[in-house]
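**Q** Pasting the sequence and the predicted model now:
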Amino acid sequence: MCLSLRTKLIVSFVVVMLMSGLVATLVGIHLIGRRIVEQAQNNVKMDLNSAREIYQDKLEDIENLLNYTVLRDSIKNALAVRDRETLGELLTSVREKANVDILTITDRDGNVVTRSRNPGTYGDDQSGDPIVHTALSTGEIVSGAIIMPRDELLKEGEQLARRARLVIIPTPQAKPKPEQEHTSGLVLKSAAPVLDDNGGLLGVLYAGELLNRDYEVVDKVKDILYRGEKYKGKDIGTATIFEGDLRVSTNVVNDDGSRAIGTCVSEAVYDQVLLKGESWIARAFVVNDWYISAYEPIKDSAGKIVGILYVGLLEQKFTDMERETTLSFLGVTLAGMVLALAVSYVLADNITKPVRRLVAASEQIASGNLAYRVGLESRDEIGELGRMFDRMAASLKERDEQLKAYTERQLLRSERLASLGRLAAGVAHEINNPLTGVLAFGHLLLRKYSKGKGDGADKDALETIVNETARCKRIVRGLLDFARETELQEATADINDILQEALRLTENQALVNSVEIIRKFDENLPQSMVDKGQIQQVFVNILVNAIDAMPDGGRLCVSSTLAEDGRFIAVSFADTGCGIDRENIGRVFDPFFTTKDASKGTGLGLAVSYGIVTRHNGSIEVESKVGKGSTFTVRLPLEERS
């Protein structure tokens with residue numbers, strides 16, 4: 001059945017709309033979900049920073065308490081005379097007002113003088129405690145989190161040991177634990193030296209806050225960050241302090257509404273935070289639900305990981321938000337598709353006519369009529385397509401004309417060089433023999449004058465004749481080198497060896513011109529099939545030109561390397577000489593073009609080198625900046641030529 005173009009367009013529009021709608025829906029759903037998760041992760045990351053500040057503020061409060069207390073003369077005087085009763089009364093008063101769990105003072109050796117909570121236990125050595133030890137040895141206040149074992153907690157007070165004891169509750173996805181209860185405690189501890197009036201050490205006063213079942217920090221985090229917000233009866237945000245992987249202070253709740261004290265962190269978080277010491281910013285299973293979570297390790301004063309600080313946002317809220325946004329997106333997409341389908345009926349008629357004109361124009365361009373134009377005047381997309389088509393046709397015509405002109409120039413250049421080569425060969429052969437005779441007779445006459453015959457003026461004239469004739473002979477030899485198409489005598493050779501030989505031939509000239517030569521050779525270059533003598537001639541020509549370009553000295557860097565995926569060997573000659581201006585850089589390989597004095601060059605060296613490299617199926621390129629130097633790069637293929 002033959003369908004009209006209008007019908008085909010409508011069907012095409014429907015198919016395209018369905019496909020684009022499906023793709024847009026899938027991509028949109030993915031982007032929406034990812035954006036919501038990213039936003040939640042960014043929020044929880046900032047919440048973790050705030051929680052860390054609140055945690056640090058608690059530790060600073062303990063430090064400030066010690067800083068104030070150790071300055072009291074009554075404390076110093078009582079410690080100096082070991083008045084335990086007075087110290088007990090003073091410290092008990094301070095502890096109760098500051099509402100800290102531990103406030104204990106030791107002598108200069110670290111032996112406990114009195115404990116404010118448990119005055120009956122004293123005399124034990126606390127110098128092994130890392131925080132007390134550091135305060136004793138440095139004479140400075142030291143703070144940090146430590147894990148205090150049960151026997152130490154009992155010394156500070158039986159009530160603290162009872163508070164620290166937790167029954168371990170198994171939870172899904174948590175790392176299994178063999179023990180059933182936990183008896184140590186996570187303590188925020190600070191120690192400050194007590195100094196006499198002369199700065200002598202009397203002892204150390206240390207204070208601590210047991211975090212087990214102490215909900216001040218986590219509830220403050222929850223109140224400040226989440227302000228008690230709930231979602232479907234659940235707290236939107238939670239915070240926890242872990243001792244190791246065990247929750248010791250939390251506002252995450254169990255199914256019965258009690259705080260989830262004694263539950264453990266998930267195994268995935270355990271591995272990353274406690275074992276690897278890295279933060280976790282991702283979704284995680286927390287007791288009985290999924291949260292967008294942020295965990296970071298809590299370290300003691302020595303840098304050892306002793307716990308985890310956690311904040312989390314209930315994932316269900318963001319999941320519901322994603323679902324609602326997705327449904328809205330789907331509704332908008334479907335409505336747009338219906339509207340687009342209605343518009344497609346109208347557009348079909350407007351598209352068919354200009355499309356036929358575009359087809360006709362394509363046929364004209366394909367047949368070679370690059371001057372044909374569509375000429376659409378409408379200002380819609382089809383009109384823009386027509387104008388772009390006309391612009392494309394104009395560009396094709398322009399490039400076709402440029403390609404023809406370039407081809408013609410290349411042909412003319414090749415013909416000119418070929419004609420010049422034939423002319424040079426003919427002229428060179430015609431004048432070479434006469435020049436040889438003139439030069440020979442000139443040398444004979446000079447030999448005569450060297451034996452004392454003839455006057456000095458004639459001798460000077462003859463020397464001029466001989467020198468100029470020799471120069472003409474060099475020019476003729478250059479013409480012959482340029483014109484000849486000698487067969488390449490190829491053999492496997494090491495390009496680095498050829499470079500070394502060329503440098504040896506020119507090193508005296510470089511030394512005279514104060515030119516420093518830097519060699520950067522790739523020692524792993526493969527052997528290449530080249531005419532060693534002719535390639536050496538190329539290298540010598542380029543080296544001599546580079547040295548002549550630096551009459552006042554400079555640097556010449558000669559390097560070799562593999563290029564273009566190992567298909568070519570590239571040899572680079574980079575000098576710091578006078579450089580070549582833009583007008584002349586395109587003529588450097590033309591015969592008889594030179595920027596040197598007539599006495600120094602004929603302008604054939606680079607032309608001959610160009611011919612040699614071309615016959616090797618290689619290339620020579622030049623880059624130059626006036627006053628900064630030039631770089632000539634010779635590329636020689638590695639494959640053999642047929």
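**A** Nice, I can see it. Bear in mind that the values here come from a model prediction, so they are computed numbers and not experimental data. Residues are numbered from 1 along each chain as shown.
**Q** So for I141, what's the nearest residue that isn't a sequence neighbour?
**A** Distances taken as CB to CB, 6 or more residues apart in numbering place A192 nearest to I141, at 4.2 Å, with adjacent residues excluded. Using the backbone N, CA and C atoms, a C-beta is placed for each residue, glycine as well.
**Q** and the residue most central in space within the chain, how far is that from R379?
**A** For the chain, the residue nearest the mean C-alpha position is E278 (22.1 Å; CA atoms, centre = their mean). Computed as CB to CB, to the nearest Å, the E278 to R379 distance reads 58 Å.
**Q** now swap in V515 and tell me
**A** Distance of V515 to R379, computed by CB to CB: 66 Å.
**Q** between those two, who's got more neighbours?
**A** Under the neighbour definition other CB atoms under 10 Å, V515 and R379 were set side by side, and V515 has more, 25 against 9.
**Q** before we move on, what SS does the residue nearest to the centre of the chain have?
**A** Following DSSP: H, G, I helix; E, B strand; the rest coil, we place E278 in the coil state.
**Q** Pretty sure K175 sits against D245.
**A** Yes - assessed by CB atoms under 8 Å, K175 is found in contact with D245 at 6.4 Å.
**Q** Run through the helices of the stretch 251-400 of the chain in chain order.
**A** Applying DSSP state H, counting those that start in this stretch to the stretch 251-400 of the chain gives helices spanning 267-269, 315-366, 381-450.
**Q** Comparing these, which yields the minimum mean pLDDT?
**A** Among those, helix 381-450 has the lowest mean pLDDT, at a mean of 68.
**Q** show me what contacts I498?
**A** V530, K532, I535, Q536, F539 (CB atoms under 8 Å, 6 or more residues apart in numbering).
**Q** The third one: neighbour count?
**A** By other CB under 10 Å, the residues close to I535 number 26.
**Q** follow-up on the earlier one: please identify which helix or strand holds the residue nearest to I141.
**A** Take DSSP states H and E as the rule and A192 turns out to sit in strand 185-195.
**Q** do the same with N49
**A** Going by DSSP H and E, N49 is part of helix 5-69.
**Q** Report the distance from that helix to the chain centre.
**A** 25 Å (CA atoms, centre = their mean, to the nearest Å).
**Q** just checking, what packs against the helix or strand just after that helix?
**A** Sequence-wise, the next helix or strand downstream of helix 5-69 (DSSP H and E) is helix 73-80. If you count contacts as 3 or more CB pairs under 8 Å, 6 or more residues apart in numbering; DSSP states H and E, helix 73-80 packs onto helix 84-98, strand 102-107, strand 185-195, strand 201-210.
**Q** To S293, which of those lies closest?
**A** S293 lies closest to strand 185-195 among these, at 19.5 Å (CB to CB).
**Q** how many other residues sit next to the closest residue to V112 other than its chain neighbours?
**A** Excluding its sequence neighbours, the residue lying closest to V112 (CB to CB, 6+ apart) is Y122, at 4.7 Å. As a burial measure, Y122 scores 18 neighbours (other CB under 10 Å).
**Q** helix, strand or coil for Y122?
**A** coil.
**Q** would you turn the helices and strands packed on helix 73-80 into TSV with distance to V113, mean pLDDT and mean neighbour count?
**A** Formatted as TSV, the helices and strands packed on helix 73-80 follow (distance: least, CB to CB, whole Å; pLDDT from 0 to 100; neighbours: other CB atoms under 10 Å):
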stretch	distance to V113	mean pLDDT	mean neighbour count
helix 84-98	6	93	17
strand 102-107	5	96	26
strand 185-195	10	96	25
strand 201-210	7	96	25
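**Q** Among these, single out whichever gets nearest to A302.
**A** Checking those against A302 by CB to CB gives strand 185-195 as the closest, at 12.7 Å.
**Q** now the closest one against helix 73-80, angle please.
**A** Using axes from the mean of the first three to the mean of the last three CA atoms, to 10 degrees, the inter-axis angle of strand 185-195 relative to helix 73-80 is 90 degrees.
**Q** quick one: V512 and M550, what's the gap?
**A** Relative to M550, and taking CB to CB, V512 is found at 11 Å.
**Q** So which of the two has more stuff around it?
**A** Neighbours around V512 and M550, counted as other CB under 10 Å, are more numerous at M550. The numbers are 20 against 9.
**Q** and the nearest residue to the more buried one once chain neighbours are set aside, what does it touch?
**A** Spatially, and ignoring its direct neighbours in sequence, M550 is nearest to G577 (4.3 Å; CB to CB, 6+ apart). The contact partners of G577, by CB under 8 Å, 6+ apart, come to A546, A549, M550, G554, G629, S630.
**Q** Among the residues you listed, which lie within strands?
**A** G554, G629, S630 (DSSP state E).
**Q** closest to V588 among those?
**A** When these are compared for distance to V588 (CB to CB), S630 comes out closest, at 9.0 Å.
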